[in-house]
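>>> Here's my sequence, what's the structure:
(2 chains)
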Amino acid sequence: MTIGPEPFPGEHLLRDLAPQVLGAVMRRFGDFSAAEDAVQEALIAAARQWPTEGVPDNPRGWLIHVAARRMTDHIRAELARRRREALVVSQAPEPQLAPPADEAAALDQDDTLILLFMCCHPALSRSSAIALTLRAVGGLTTAEIAGAFLVPEATMAQRISRAKQRIRSSGVPFRLPTLRQAQGWPEHGRGATLRQAQGSPERSRGAADERAERLGAVLHVLYLIFNEGYATSSGPELQRTDLSNEAIRLARLVRSQLPGDGEVAGLLALMLLTDARRPARTGPDGELIPLAQQDRRLWNKDAIAEGVALVTAALSQGSIGAYQLQAAIAAVHDESPRAEDTDWPQILALYGLLERMADNPMVTLNHTIALAMVQGPEAGLRRLKTLDTDPRLTAHHRLDAVRAHLLEMSGDREGAIAHYLKAAARTASVPEQNYLNTQAARLRDGNDNSQRSNDPTIQGKPGAQVG
Amino acid sequence: MKYMLMMHASGAGWKDAGIGTWPPEDIRAHIAFMKRFAEELHQSGELVAAEGLAGPEEARIVRATASGVPEVTDGPFAESKEFLAGYWIVDVDSPTQAYAIAARASAAPGPGGAPINIPIEVREVMSAPPPEM
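Residues are numbered from 1 along each chain as shown, chains lettered A, B, ... in the order given. Predicted coordinates for the structure are as follows:
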């Protein structure tokens, strides 16, 4: 299997079934770590056999059967190993004979959510949670995940295996009690978001708060997967862009389970509205094209329509969360026929709300840009001064990039050049560095876009052609 | 995020105080440490790549020239105070984690088993740009 265009018609089906099958096998055998391995093997077997032998009549049953057989083999081998060790034969556990997997069919819905909550457990590191989610819920192989994150397959296998060990040692039960009593919990989740935003006094952490927090962790992991894919969109890294599609697929999956949750809808909308611009975001050589200069005819109209409908419906329910606000901002951009038609006052208001909700200097930076677009560059530059002392932004290239942009708007050409170059030196992104250096070169050159080949600041460097 | 951890050895010390001048058991201990260190990074799911480089005496500097015939000269050893002895590339969630790994590498055992505290340069590997939101 590869991430990318479907190699055979059953590919999507396979990936949709992955969490259901894992849930069923876990209910029968208990052991998450071993069950996850068994399901992975069943998925690989299906990817090998189905294209030639055809998709079986009951694909879900087929996968459960194969995975259960692997589990039985695993348990037998485990028992044999223990007998060989001849220590605790009498205490060796029998396979847990829970109800047959088929009886769990009605529980599939919950299973997918519970699996996501497990894979995004706060005890896991960010990169571990991402890897485990893609494998256990997304049904991707270790090789595919390793390829997407450009690390060796053996390293990724270790990362996944350690994540499962950590889940086991943290004693997370498969039946999350807080989820079992979860009727109406999304409302609590939103409430918590707003309470935090309004800075209400600390109160005892109830089950609802924990659920909101855990759902927040799930949504954050999906958001990171999306960004990982969205960040690159051309050339040899084409494969990675499919992480965005995978994140969108998983967000749809969560939404199908929690259709009433505004933040789930908001995240899906944000992904769709951002992804819609992907075809216009890079030029033929992979160079970054800023929002204002993108050819908007290339934007994906269907994705925009779906995203706008989602976020409009979510906001009309009267509950507001950070993903919904970011989606609303993306929608304002996406709905402007031309950059100069952008409704900046509305974006400014939305960033104002977002800033009250999340104490995040990146949000403040974006708020500053909107402020400059509405009230002029001087207002933006004044606002930037308040960010200079924020330790979270110390030496951050975005601060320099925004300052350069505002200085250019205000007519300070020399100052803009200096800050574009400063930002270029500080970014860890090749395309962004090329973009920032080119901005500085353009200003030095007058308004001409030409790139002088003898200009040292825009010479290629290793890796510059990638991405 | 990925980081390259570069171990810089002193050019002056290479011949006079390099690993070749250590007692055999200290060399063995050092090599065992490096092997275990790489294995631990692999086990933790953080290792992307790790290589040691051959000595600077074998290094050559290559420059393309206008004539089309590349110019090959002896390596940087003669004029450099420091040279790259080896590197690791790790994939971690934060710079702090990269620094912690570098500190472990820096404490590799030297003569008498004492940590050599060799300088490790930590550089972020360039990656894709963040989304514009």
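>>> wait, what's in contact with residue B:95?
B:1, B:3, B:122, B:124 (Cβ atoms under 8 Å, 6 or more residues apart in numbering or on different chains). C-beta coordinates here come from the backbone N, C-alpha and C atoms, glycine included.
>>> For the third one, list the residues it contacts.
Contact analysis of residue B:122 by Cβ under 8 Å, 6+ apart lists B:3, B:4, B:5, B:6, B:95, B:98, B:99, B:102.
>>> Assign it to helix, strand or coil.
Put simply, residue B:122 is strand when judged by DSSP: H, G, I helix; E, B strand; the rest coil.
>>> Please report the distance of the closest residue to chain B within chain A from residue A:224.
Nearest residue of chain A to chain B: residue A:159, at 2.8 Å (Cβ to the nearest Cβ). In this view, residue A:159 and residue A:224 are 15 Å apart by Cβ to Cβ, to the nearest Å.
>>> which one of the two has more residues nearby?
Higher neighbour count among residue A:159 and residue A:224: residue A:159, with 26 against 17, using other Cβ atoms under 10 Å in any protein chain shown.
>>> What sits closest to the more buried one if chain neighbours are left out?
Take residue A:159 and drop its neighbours on the chain: the residue closest to it by Cβ to Cβ, 6 or more residues apart in numbering or on different chains is residue B:45, 2.8 Å away.
>>> Any chance of JSON lines for the contacts of residue B:95, columns pLDDT and distance to residue A:445?
What follows is the contacts of residue B:95, written out as JSON lines (pLDDT from 0 to 100; distance: Cβ to Cβ, whole Å):
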{"residue": "B:1", "pLDDT": "88", "distance to residue A:445": "34"}
{"residue": "B:3", "pLDDT": "96", "distance to residue A:445": "35"}
{"residue": "B:122", "pLDDT": "97", "distance to residue A:445": "36"}
{"residue": "B:124", "pLDDT": "92", "distance to residue A:445": "30"}
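>>> will you turn those into TSV that also has distance to residue A:167?
Output for the contacts of residue B:95, formatted as TSV (distance: Cβ to Cβ, whole Å):
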residue	distance to residue A:167
B:1	24
B:3	27
B:122	30
B:124	30
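>>> Which parts of chain B are strands?
According to DSSP state E, chain B carries its strands in the segments B:2-10, B:47-52, B:60-63, B:71-74, B:82-91, B:120-124.
>>> Can you say which of those strands is nearest to residue A:403?
strand B:120-124 (21.9 Å; Cβ to Cβ).
>>> Give me the neighbour count for residue B:10.
Look at residue B:10: counted by other Cβ under 10 Å, it has 16 neighbours.
>>> Give me the local confidence score for the closest residue to residue B:19 other than its chain neighbours.
Distances taken as Cβ to Cβ, 6+ apart put residue B:27 closest to residue B:19, at 5.8 Å, once the chain neighbours are dropped. Residue B:27 carries a pLDDT value of 90.
>>> Residue B:23 too?
87.
>>> What are the neighbouring residues in contact with the closest residue in space to it that isn't next to it in sequence?
Nearest residue to residue B:23, sequence neighbours excluded (Cβ to Cβ, 6+ apart): residue B:111, at 6.9 Å. Each residue near residue B:111 by Cβ under 8 Å, 6+ apart is listed here: B:22, B:23, B:26.
>>> Let's see the helix or strand hosting residue A:402 as CSV, backbone CA atoms only.
Under the criterion of DSSP states H and E, residue A:402 resides in helix A:397-410. In CSV, the C-alpha atoms belonging to helix A:397-410 read as follows (Å, rounded to 0.1, in the frame of the first residue of the first chain):
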residue,chain,number,x,y,z
HIS,A,397,11.0,34.4,12.2
ARG,A,398,7.3,35.2,11.9
LEU,A,399,7.7,38.3,14.1
ASP,A,400,10.4,39.6,11.7
ALA,A,401,8.4,38.6,8.6
VAL,A,402,5.3,40.4,9.8
ARG,A,403,7.4,43.5,10.7
ALA,A,404,9.0,43.4,7.3
HIS,A,405,5.7,43.3,5.6
LEU,A,406,4.2,46.2,7.7
LEU,A,407,7.4,48.3,7.1
GLU,A,408,7.1,47.7,3.4
MET,A,409,3.4,48.8,3.6
SER,A,410,4.5,51.9,5.5
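>>> Buried residues of it, list them for me.
A:397-410 (16 or more other Cβ atoms under 10 Å in any protein chain shown).
>>> In terms of helix, strand or coil, where does the residue of chain A closest to chain B fall?
Secondary structure, three-state DSSP: residue A:159 is helix.
>>> Around chain B, pick out the residues from the stretch 51-200 of chain A.
A:125-128, A:131, A:149-152, A:154-156, A:158-162 (Cβ under 8 Å from any Cβ of the partner chain).
>>> quick one, strands of the stretch 51-200 of chain A?
In the stretch 51-200 of chain A, no strands are defined using DSSP state E, counting those that start in this stretch.
>>> would CSV of the strands of chain B with distance to residue A:247 be doable?
Shown next, in CSV, are the strands of chain B (distance: least, Cβ to Cβ, whole Å):
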stretch, distance to residue A:247
strand B:2-10, 21
strand B:47-52, 23
strand B:60-63, 44
strand B:71-74, 49
strand B:82-91, 19
strand B:120-124, 24
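>>> Tell me which of the ones you listed lies nearest to residue A:393.
So among the strands of chain B, strand B:120-124 is nearest, using Cβ to Cβ, at 16.9 Å.
>>> Quick one: neighbours of residue B:88, just the number.
24.
>>> For the lengthiest helix in chain B, what is the distance to the chain centroid?
Ordering each helix of chain B by length in residues (DSSP state H) puts helix B:24-43 first. Here helix B:24-43 is found 14 Å from its chain centre; the criterion is Cα atoms, centre = their mean, to the nearest Å.
>>> Can you tell me what sits against that helix?
Residues contacting helix B:24-43 (Cβ under 8 Å, 6+ apart): A:154-155, A:158, A:162, B:19, B:22, B:47, B:50, B:52, B:88, B:90, B:101, B:104-105, B:108-113.
>>> in the stretch 51-200 of chain A, which spans are helices?
Under the criterion DSSP state H, counting those that start in this stretch, the stretch 51-200 of chain A contains helices at A:59-85, A:108-119, A:126-132, A:142-149, A:153-170, A:177-180, A:185-197.
>>> Same list (those) but as JSON lines, adding mean pLDDT.
Listed next are those as JSON lines, based on pLDDT from 0 to 100:
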{"stretch": "helix A:59-85", "mean pLDDT": "90"}
{"stretch": "helix A:108-119", "mean pLDDT": "82"}
{"stretch": "helix A:126-132", "mean pLDDT": "93"}
{"stretch": "helix A:142-149", "mean pLDDT": "87"}
{"stretch": "helix A:153-170", "mean pLDDT": "91"}
{"stretch": "helix A:177-180", "mean pLDDT": "46"}
{"stretch": "helix A:185-197", "mean pLDDT": "37"}
